[in-house]
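1. sequence first, then the predicted structure:
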Protein chains: 6
Amino acid sequence: MPIKKVAALQVGSAATTQQTLKKILSYESQLVEEKIDLVVIPEATLGGYPKGSTFGSYLGYRLPEGREQYLQYYNQAIEVPNSPEILALETFSKNISATVAIGVIEKGGSSLYCTLVYIDPKLGYVGKHRKLMPTASERLVWGSGDGSTMPVVKSAVGNLGGGICWENYVPLFRYAYYAKGVDVWVAPTVDSREIWQVSMRTIAYEARSFVVSAVQFQPPVADDKTPEGWVKGANLINGGSIIVNPMGEVLAGPLVGKEGLLTAEIDTDDVIRARFDFDPAGHYSRGDVFSLTVNEAPKDVQFVNK
Amino acid sequence: MPIKKVAALQVGSAATTQQTLKKILSYESQLVEEKIDLVVIPEATLGGYPKGSTFGSYLGYRLPEGREQYLQYYNQAIEVPNSPEILALETFSKNISATVAIGVIEKGGSSLYCTLVYIDPKLGYVGKHRKLMPTASERLVWGSGDGSTMPVVKSAVGNLGGGICWENYVPLFRYAYYAKGVDVWVAPTVDSREIWQVSMRTIAYEARSFVVSAVQFQPPVADDKTPEGWVKGANLINGGSIIVNPMGEVLAGPLVGKEGLLTAEIDTDDVIRARFDFDPAGHYSRGDVFSLTVNEAPKDVQFVNK
Amino acid sequence: MPIKKVAALQVGSAATTQQTLKKILSYESQLVEEKIDLVVIPEATLGGYPKGSTFGSYLGYRLPEGREQYLQYYNQAIEVPNSPEILALETFSKNISATVAIGVIEKGGSSLYCTLVYIDPKLGYVGKHRKLMPTASERLVWGSGDGSTMPVVKSAVGNLGGGICWENYVPLFRYAYYAKGVDVWVAPTVDSREIWQVSMRTIAYEARSFVVSAVQFQPPVADDKTPEGWVKGANLINGGSIIVNPMGEVLAGPLVGKEGLLTAEIDTDDVIRARFDFDPAGHYSRGDVFSLTVNEAPKDVQFVNK
Amino acid sequence: MPIKKVAALQVGSAATTQQTLKKILSYESQLVEEKIDLVVIPEATLGGYPKGSTFGSYLGYRLPEGREQYLQYYNQAIEVPNSPEILALETFSKNISATVAIGVIEKGGSSLYCTLVYIDPKLGYVGKHRKLMPTASERLVWGSGDGSTMPVVKSAVGNLGGGICWENYVPLFRYAYYAKGVDVWVAPTVDSREIWQVSMRTIAYEARSFVVSAVQFQPPVADDKTPEGWVKGANLINGGSIIVNPMGEVLAGPLVGKEGLLTAEIDTDDVIRARFDFDPAGHYSRGDVFSLTVNEAPKDVQFVNK
Amino acid sequence: MPIKKVAALQVGSAATTQQTLKKILSYESQLVEEKIDLVVIPEATLGGYPKGSTFGSYLGYRLPEGREQYLQYYNQAIEVPNSPEILALETFSKNISATVAIGVIEKGGSSLYCTLVYIDPKLGYVGKHRKLMPTASERLVWGSGDGSTMPVVKSAVGNLGGGICWENYVPLFRYAYYAKGVDVWVAPTVDSREIWQVSMRTIAYEARSFVVSAVQFQPPVADDKTPEGWVKGANLINGGSIIVNPMGEVLAGPLVGKEGLLTAEIDTDDVIRARFDFDPAGHYSRGDVFSLTVNEAPKDVQFVNK
Amino acid sequence: MPIKKVAALQVGSAATTQQTLKKILSYESQLVEEKIDLVVIPEATLGGYPKGSTFGSYLGYRLPEGREQYLQYYNQAIEVPNSPEILALETFSKNISATVAIGVIEKGGSSLYCTLVYIDPKLGYVGKHRKLMPTASERLVWGSGDGSTMPVVKSAVGNLGGGICWENYVPLFRYAYYAKGVDVWVAPTVDSREIWQVSMRTIAYEARSFVVSAVQFQPPVADDKTPEGWVKGANLINGGSIIVNPMGEVLAGPLVGKEGLLTAEIDTDDVIRARFDFDPAGHYSRGDVFSLTVNEAPKDVQFVNK
């Protein structure tokens, strides 16, 4: 039986990217001990998710302190893949002999992107995916990715693919990945609600894939800093990481209300077993009725000089 | 507040189509009393879902008794829309002043289709949808529909659309319906498992639509007729009808283990409220990356004379 | 000399779309008297621009009252072109014998769009443009248009084209319009700042077109309703409508601090005179170095049935 | 705070290129004292801009004295980068520890080009840009550049790019540079009019970049040499150098009516702050609608010998 | 012997395009009588060539009267092919049973082009060529054509192709036409000098084609209107139309100093005879050494909507 | 004024190569006296141009005496550059302090080539050009050169380049040389006709270069040796050397009917003056429409060992 071990590392961003990185690296010995093959780290962990911020934006105007806040946020973001942070993660991945899939805030020129980075224990950086559609207030600070960053990454547990937070709800996005062939669906997020866990089970069952969803955990802030409309003393992000098998059954989690490492053994053959019943991009597709075109060209300007 | 009332009628097929029809019509007074605007009736209710049958089929050959069984099954199926059964349902719909969405087995020439029929209280028959992809052994007795029967039907509770049983898991099918504009997703089935109910919540949340899922209820058969591998004395189909709002919250059900009428009041404005956050075929789509072509032409032979 | 007269109607949205419409129509006799050929009405006038709103959105969550506010906002939006509001504007345009270019909030399914509608005095509705990229908090409530709604509209004052608010700053958008041939650039907005007026002069000079920019005027709200960070007692939107000739010279305005009709006579031959020096999509373009492809296909799903 | 200092050196061409070079070098001590990081020198300063000349050209014929004048003009032009003038500027740049961006007339075979040369204090010559489209009478004496000379140059104040005089009004040219990533827009010119200064503000605001525009200053010529249609005793080129921040606000200038050095301190982080609102080639671009191809190949003949 | 008759109509533009058109049409009976198969009419005849104009342009500035002059010039230009002037020429061509190749000033948006229009006696308008590179002061008022308007036109005298005025000196332009196969080279111009006639002989000999070059004739203007540097009382354009055979021998002309019709009989087989010795795009080409790519795509913006 | 002096030495081949060489060297003192900077010597002078020969060739066969004649011709040809003849010419060039451009028949293995050799007074042999395409019967005795022998040679009068006899009529060949930058076009030939002189003027004007064309002079042969179809007593090659300036004006010649030295003073700045109007590979080229690739690789066998 091809048994492997996967994990979701439920951590939250610290005050600075350097501190966050340090926190992640502190899990190295535990990950080695548990013989993990894949570890998923939540959305926006490196760079941060300043929950409850408005960046001083109101319909029709913006306050100068919003721009200042953006600059500070920008300064915590990282370059992908050429940056010391990626270098540190490559060493980390090598040391733990596991693929790392981690959510970061990426600098793309002067815009920011919410990005999922894949790092292979032997090859180092192997690909990234920029979130295609930010949600609500995220649209104030993050740009939108395009079809050119939708990699499928090989790993010891099979082909990896997936999306960040609510783009998991975009049916055509998911289908594009099904068609590329995904065995383990990676879903970093900051969504702690029960409906997210329900959705992870459905996606596992629809995709007939394993799902590893890692959610940030953020403790409460001081009462006078609690964002508008948020309950004082409540955790800012409450976790909820979960691991599901291809029949939609929960293997581990949800891990709620605290930081921690969630792990599960998986039998990678279960993907094939489950697709006997239903194979979304295989015997259950109806290519004669539905044909999907995915534009993977990088957008915008092309410089030609030959 | 635009409050309406929807229902799932959890019934099972009787020994004959005539008896089944009679059972359905017997709910008329209750439906009138409850002032229902939409009633959904399970998959294959008229015509029947002979659970546990193999139709004498083995890989490579078929027994003659299988053919006999098919003939009997064919004889219980109905024509759509030109049949006394549809006529009876039109009267029923008019009497209860509600749209009826009902699962039937439809004769299409010598083939059978698993079909969802829509009947309007004023206009009568207004459309049908043939299941696009039968599951497992269903492929022995049912044909596959095509893109020409994917109607959206106007009703007092908003635009209706949806699919039968596992085609609910087909992402491109759902997306095509989202693009056509659906307010209430109709999901007749015979799937009684908990994962189905989880999936209904996810689909409601992804579609930002109401979902009304009606499941058959079939009591146990005599022990000596219990199909191979089934638990003796266990209900053949255990129900599980459910009604969900566009935020993925359960409004009624699941109704498990018995026949019955499941109802819920709905505020139709909730669709707009919920799409403020996420609109799968609106502000959350990425038409520049994903473009879907839906072939709605009827298949089969085309005679061209120009 | 081909002398025509153009106007910017500097009004603000009233409490309801009906009241706003009534206010616009009240200018009919003045417009007739002034023999206006083109009147431009600001961004989002029909439907409204709820300045300072956050729609209950914070990074990572949304308050229920935000969804409620969205529903109310949705209910004030209009259908384009099939709605009583467009019908009323068609009559208005006919009565004043002038082309009307008006900013509205348009219902597109469950999403909203910030749309510029063109109405011809003889032909009625002739086209619309959906804002391509909402700014900041607008991204919480408006979807993004695509290349399929970028019409050039013929009128008595020449070809009309243009964009809404900050999409005026998108160079490729402007260039696409230059290439289609625009004589009068229409720029409805809610931006009252001096840099906007400077930009209108530059765009006129770059395009070698007339520019008619109409800005909303919104008086202050009660002190206790003043949005966060806004000065109490200050006008919510301070106007600033302006009319510029193709040499970048101001013909009328900016009209600041009050509602009103801003008008200017124009010599339509000035477009040709000015392009003698510089013709952005003509003798000054470098098609051998820069080639722009504009995708005018409507996005997303295509239903094919032939 | 990353504070730097930029300057526009508002000088005019002297009678010969040697004298002009001498005049530029005479500013060395002042530039050192002011600790300038970038100095921009106007269009055509080395080589000259013989304002008001017609080069004996009339529609349909040319006078021999026009050819003689061209020869003299040609002899004042310089080779780039292999010439004593560039060598002298490299030393100058090194001595003042600042990047120099200077407008020159460049010999390219027998044709002349209006060229912007970049010199780095450590690396010396680092790139040049040939004006893509001469204006009006310039077309009689200057050839047109192509896409192969559109460099972005790194400097202590960030990435430099830009264009010469009216090519600043070419939207696709500007956008190509935005896509390459420009922090400080360099705009040498001979345009002294107020609309130029307005345009510099708009370009800064559109690009969300700093703008340093250096304009020549040329005093009047003797009355009997005043060119046709020019006011006797008026300055030939009146200056107007200006420095603008990424929000379109004027930091220094316009310096009008005299030679001189215009300087401003800049906070280079302002680029990021400003792009929070608007990032023309980032979160505000619509690559799905507009795709620009920039041909950077050198034109014409290719000699292949392998 | 395949004997045909070709003509150059040496006329000049009158005060207005209407008067010029009238003058051309007045030759109808003479052309019929002479049984002409092809008549070539000079460069810019319809629209005019305002010899000696500067359009108020000086290096670095433009006078307002220059723009006014441009507007008047623009108003005399014509649309191609949708204009009454082209319609009139189609009738003319039909009446004289001859192909007409005529130089016009064409409106292309707000820019002007110097264009060669081909009209077939049976098919009407069949193609146009926009001058690729205006000369000297022409660059102030005319745009540049591109590779998309380089047609070869079939006629009773063989394949027609050619260029306007000095683009006849562009070797790659000529070669592109040789490669397309030209039997009669059409060369409308306003160049009256002897070197032009010498060049026409060389081009005929190089191309091994007939050449028909039609030159405008413009009488002197009043002494006080004589342009700068021109001899008072001298003809503004002195004619010089010429017809040459494929061996470079003059068949008719040059017709100097007066308006008139120049005609010659030609033996169309002479093209083949002459190419026995030398065939520039045939047995004398060296495709292994020289390969020419001609970009015939229309430049600039492409609107895609499928 | 940069005044130089150029010459065409109009001589004919003598009975043997040695005698021809002697004849050339006999002009040494005259060349020194006249202070010539460049002397051009006709096509095939060393080696000979046996006018009127058929080399016994008929379509489909050849006579043995033809082969014998070829052998004798081969024996008069020279090696380039390793031969006593080249050595003698190097001394000659040094003595007269002038660049020599001379037409020779070159041995290339067993084939012969019609070659133009360049000799510098200081550097000696500096390059050669093999005629790319022999004309008519020349194809019986000469091979074709390739792109590897198209040098541009620096000299006291500027850059030299050019071609032999009718390859002067090959537009792409000329253009390749224009792109390399030629100031003085060298055209050795045996073509005595008037059309050649006309063509030299046109090429000078097109290239905006000086042209020095040297033509052989061959007196009549005895009547009984007059080749078939030639006029008895007529000169075999009648000269016609000519020197032209960049405006197409004849500076000297044509020298007709006798041997002799043709000389002219030239102002090398005239190249720049003339290119003010027209620069074929500079401001008049259209690289966006026409792109030429020149294959300069030597043909033949390539031995590859990597």
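-> Received, thanks. Numbers count the residues shown, from 1 in each chain, chains lettered A, B, ... in the order given.
2. C-alpha from now on. contacts and neighbour counts both.
-> Noted.
3. residue contacts, the residue of the stretch 101-250 of chain A found nearest chain D?
-> Closest to chain D within the stretch 101-250 of chain A is A:Gly143: 4.5 Å, counting by C-alpha to the nearest C-alpha. Neighbour list for A:Gly143: A:111-114, A:134, D:282-283 [criterion: C-alpha atoms under 8 Å, 6 or more residues apart in numbering or on different chains].
4. now A:Asp191
-> Counting by C-alpha under 8 Å, 6+ apart, A:Asp191 makes contact with A:165, A:215, A:237, A:239-240, C:60.
5. can you do 7 Å?
-> Residues counted as contacts of A:Asp191 (C-alpha atoms under 7 Å, 6 or more residues apart in numbering or on different chains) are A:165, A:215.
6. can you check the pLDDT for it?
-> On pLDDT, A:Asp191 comes in at 96.
7. sec struct for it, please.
-> coil (DSSP: H, G, I helix; E, B strand; the rest coil).
8. now do A:Gly158
-> Going by three-state DSSP: A:Gly158 is coil.
9. tell me the confidence at it?
-> 95.
10. swap in A:Met133?
-> Value for A:Met133, per-residue pLDDT: 88.
11. picking up where we left off before, name the nearest of the contacts of A:Gly143 relative to F:Tyr125.
-> D:Gly282 (59.2 Å; C-alpha to C-alpha).
12. surely the closest one and A:Ser111 touch.
-> Yes - taking contacts as C-alpha atoms under 7 Å, D:Gly282 lies within contact range of A:Ser111: 5.6 Å.
13. residues contacting A:Gly248?
-> A:201-202, A:204-205, B:195.
14. mind telling me what element A:Ser285 is part of?
-> Secondary structure assignment for A:Ser285, by DSSP states H and E: no helix or strand.
15. again with A:Tyr177
-> Assigned by DSSP H and E, A:Tyr177 falls in helix A:171-180.
16. that helix near chain B at all?
-> Yes - Helix A:171-180 is in contact with chain B by C-alpha under 7 Å from any C-alpha of the partner chain, via A:171-172, A:175.
17. residue numbers of chain A in contact with chain B?
-> Counting by C-alpha under 7 Å from any C-alpha, chain A sits next to chain B at A:133, A:136, A:146-147, A:169-172, A:175, A:195, A:198-199, A:202, A:206, A:248, A:277, A:280, A:284, A:289-296.
18. just the buried residues of those.
-> Neighbour counting with 16 or more other C-alpha atoms under 10 Å in any protein chain shown marks A:133, A:136, A:146-147, A:169-172, A:175, A:195, A:198-199, A:202, A:206, A:248, A:280, A:284, A:289-295 as buried within the residues of chain A next to chain B.
19. among those, which are in strands?
-> Per DSSP state E, strands hold the following members of these: A:290-294.
20. could I get the average pLDDT for stretch A:295-304?
-> On average, stretch A:295-304 scores 68.
21. try stretch A:233-245
-> The model assigns stretch A:233-245 a mean pLDDT of 96.
22. who touches it?
-> A:8, A:10, A:190, A:192, A:201, A:204, A:209-220, A:223, A:250-258.
23. over to stretch A:271-286?
-> By C-alpha under 7 Å, 6+ apart, stretch A:271-286 touches A:178-179, A:183, A:206-209, A:246-247, B:133, B:136, B:170.
24. distance to B:Glu33 added to the residues you listed, as CSV?
-> Putting these into CSV (distance: C-alpha to C-alpha, whole Å) gives the following:
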residue, distance to B:Glu33
A:Tyr178, 47
A:Ala179, 49
A:Asp183, 51
A:Glu206, 39
A:Ala207, 43
A:Arg208, 43
A:Ser209, 46
A:Pro246, 44
A:Met247, 41
B:Met133, 37
B:Ala136, 40
B:Val170, 37
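25. list the residues that contact the nearest residue to A:Tyr58 once chain neighbours are set aside.
-> In space, and not counting its chain neighbours, A:Tyr58 is closest to C:Gly52: 4.6 Å by C-alpha to C-alpha, 6 or more residues apart in numbering or on different chains. By C-alpha under 7 Å, 6+ apart, the residues touching C:Gly52 are A:58-60, C:227.
26. many thanks, we can stop here.
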